[in-house]
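Chemist: Everything below, folded, please.
(4 chains)
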2 protein chains.
Amino acid sequence: MCVSLINYLQHVTPLSEPLRDKLEQIIRTKIFTKKELILKEGEVSNYIYFIESGFARSFYTKDGKDITAWFMAENDVIIFVASFFTRVKSYENIEVLENTTIHYIDHNELEQLYNDFPEFNKTGRLLATHYYVLSEERLYNMRRQTAEERYYFLVNKYPQLILRAQVSHIASYLGLNLETLSRIRSKK
Amino acid sequence: MCVSLINYLQHVTPLSEPLRDKLEQIIRTKIFTKKELILKEGEVSNYIYFIESGFARSFYTKDGKDITAWFMAENDVIIFVASFFTRVKSYENIEVLENTTIHYIDHNELEQLYNDFPEFNKTGRLLATHYYVLSEERLYNMRRQTAEERYYFLVNKYPQLILRAQVSHIASYLGLNLETLSRIRSKK
DNA sequence: CGCCGAGTTGAACTGAATCAAGAAACGTGG
DNA sequence: CCACGTTTCTTGATTCAGTTCAACTCGGCG
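Modeler: Numbers count the residues shown, from 1 in each chain, chains lettered A, B, ... in the order given. The predicted structure is shown next:
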């Protein structure tokens, strides 16, 4: 079932056998179909998700427009960080863009896991660090670059994303409107 | 000496006595004077820093311009994440804006510490998570808001920062030029 | 076949950048 | 403590990248 997630975690740092067993117990699996929402804004994010297969995006709405915050694909961990860790209502939604199989762990069970298996804190630390680095990178990309630079940075770093996501979502992620992105793309 | 840092870490999550002792051994302290660079771009960041007192900013240069990435004050942990964790050359600089007292821990010693005191992984996890949340928040603020909205978001969230940092640094952080920020400020 | 969502293209408009010139604040040395 | 140079901030005029609004094309799918 959830082998892919356990393998992934093993890859982060080795896990003891009892920890693996416990993980197998608490990991749940769910299949979402295209356009379903995994998380709706206004809810507190109670789960940490892991994509086994599929494709999703997080987005929020501003002045009626829908703005993509990031994309997530196979082997990505999804947390709406601010909500999951600080227990406030999420201002983001997570929407499935293709049929997607997801493994997830409940917030309380995860806390319990950290308590019962202190070694798992290492996994948590390494994962948090990894995603922190990615977040800072996105910030770097965002700040003070032209639309075109931002686009090609994304193209180089995540070429598969460009093929998979639709123009309007990429555009709003880059902080520009779809017409502008369309023009950038047609330039070449 | 480094009491403030140990207190801070205790506050994150309690530390055992041997761990505290070990920390006291490996924490170093240094005083930087205004305009000094703690970290220069092109170097690998070998230390994790903690500001006991003072004020600093991280910045990078793009097309000859200097762009502020973030500010750091008392009780802030500074890591140039990408470089410290992934051991690549930093593209950022850290510059002290006021005379600043800093505690720091060497990368290798920190790794060793995680090994010798697995409990410390919890501290690491919580800190990484905390800074991850802040990073995502900055991203949210950055994306798809007008110059004015970005500025007032910052004013509300970090009022003391506005008083302490100079306009040109705030402007480049917000991704706009100082003339524009000056106009926004004079509007009110 | 015809509708609908997604993407492209065009023309007019606008928020922010750029260039330029002063005013204020800061600090250093006499 | 004042004078002078340097740095920081403000204000104005012009330019331009990216937005907005609107019309059109293309490709699927019922």
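Chemist: make it CA atoms for all contacts and neighbour counts henceforth
Modeler: Noted.
Chemist: Work out for me the element residue A:181 sits within.
Modeler: Assigned by DSSP states H and E, residue A:181 falls within helix A:178-187.
Chemist: and the residue of chain A at minimum distance from DNA strand D, how many neighbours does it have?
Modeler: The nearest approach of chain A to DNA strand D comes at residue A:176, 3.2 Å away (C-alpha to the nearest atom of the strand). Neighbour count of residue A:176, defined by other C-alpha atoms under 10 Å in any protein chain shown: 18.
Chemist: check which helix or strand covers it.
Modeler: Going by DSSP H and E, residue A:176 is not in any helix or strand.
Chemist: Excluding residues flanking it in the chain, which one is nearest the most centrally placed residue in chain A?
Modeler: Against the mean C-alpha coordinate of chain A, by C-alpha atoms, centre = their mean, the closest residue is residue A:78 at 3.4 Å. In space, and not counting its chain neighbours, residue A:78 is closest to residue A:49: 4.9 Å by C-alpha to C-alpha, 6 or more residues apart in numbering or on different chains.
Chemist: Can you tell me the SS state at that neighbour?
Modeler: Going by DSSP: H, G, I helix; E, B strand; the rest coil, the secondary structure assigned to residue A:49 is strand.
Chemist: tell me the contacts of it?
Modeler: A:77, A:78, A:79, A:102, A:103, A:104, A:105 (C-alpha atoms under 8 Å, 6 or more residues apart in numbering or on different chains).
Chemist: hmm, the longest helix anywhere in chain A in reach of DNA strand C?
Modeler: Assignment by DSSP state H gives helix A:120-142 as the longest helix of chain A. No. Helix A:120-142 does not reach DNA strand C (C-alpha under 7 Å from any atom of the strand); its nearest approach is 12.6 Å.
Chemist: for that helix, packing partners?
Modeler: For helix A:120-142, the elements it packs on are helix A:3-12, helix A:107-116, helix A:147-157, helix B:81-86, helix B:120-142, judged by 3 or more C-alpha pairs under 8 Å, 6 or more residues apart in numbering or on different chains; DSSP states H and E.
Chemist: returning to what we had before: now the residue of chain A closest to DNA strand D: how far from residue B:79?
Modeler: Applying C-alpha to C-alpha, to the nearest Å, the value for residue A:176 to residue B:79 is 31 Å.
Chemist: Could you do residue A:48 as well?
Modeler: Distance of residue A:48 to residue B:79, computed by C-alpha to C-alpha: 26 Å.
Chemist: cool, and residue A:187?
Modeler: Residue A:187 is 39 Å from residue B:79, where distance means C-alpha to C-alpha.
Chemist: Show me which of those two is the more surrounded one.
Modeler: A direct count of neighbours by other C-alpha under 10 Å for residue A:187 and residue B:79 places residue B:79 higher, at 20 against 7.
Chemist: Pull the contacting residues for the more buried one.
Modeler: Each residue near residue B:79 by C-alpha under 8 Å, 6+ apart is listed here: B:45, B:47, B:48, B:49.
Chemist: Backbone dihedrals for it, both of them.
Modeler: Residue B:79 has phi and psi values of phi -140, psi 140 when expressed as degrees, to the nearest 10.
Chemist: And DNA strand D, is the helix holding residue A:181 touching that?
Modeler: Yes. Helix A:178-187 lies within reach of DNA strand D by C-alpha under 7 Å from any atom of the strand, at A:179, A:180.
Chemist: And stretch A:86-101, by the same measure?
Modeler: No. Stretch A:86-101 stays clear of DNA strand D (C-alpha under 7 Å from any atom of the strand), getting no nearer than 12.2 Å.
Chemist: who does the helix or strand of chain A with the lowest mean pLDDT touch, helix- and strand-wise?
Modeler: Here the helix or strand of chain A ranked lowest by mean pLDDT, DSSP states H and E is helix A:81-86, holding a mean of 78. In this structure, helix A:81-86 packs against helix B:120-142, with contacts taken as 3+ C-alpha pairs under 8 Å, 6+ apart.
Chemist: do that again at 10 Å, thanks
Modeler: Counting contacts by 3 or more C-alpha pairs under 10 Å, 6 or more residues apart in numbering or on different chains; DSSP states H and E, helix A:81-86 is packed against strand A:47-53, helix B:120-142.
Chemist: Using the three-state scheme, assign residue A:101.
Modeler: Classification of residue A:101 using three-state DSSP returns strand.
Chemist: residues contacting it?
Modeler: Applying C-alpha atoms under 10 Å, 6 or more residues apart in numbering or on different chains, one finds that residue A:101 lies in contact with A:29, A:30, A:31, A:32, A:33, A:50, A:51, A:52, A:53, A:54, A:55, A:74.
Chemist: Kindly report the same for residue A:103.
Modeler: Residue A:103 neighbours (C-alpha under 10 Å, 6+ apart): A:1-5, A:27-31, A:47-53, A:77.
Chemist: So for it, what pLDDT did the model give?
Modeler: Looking at residue A:103, its pLDDT stands at 95.
Chemist: swap in residue A:8?
Modeler: 93.
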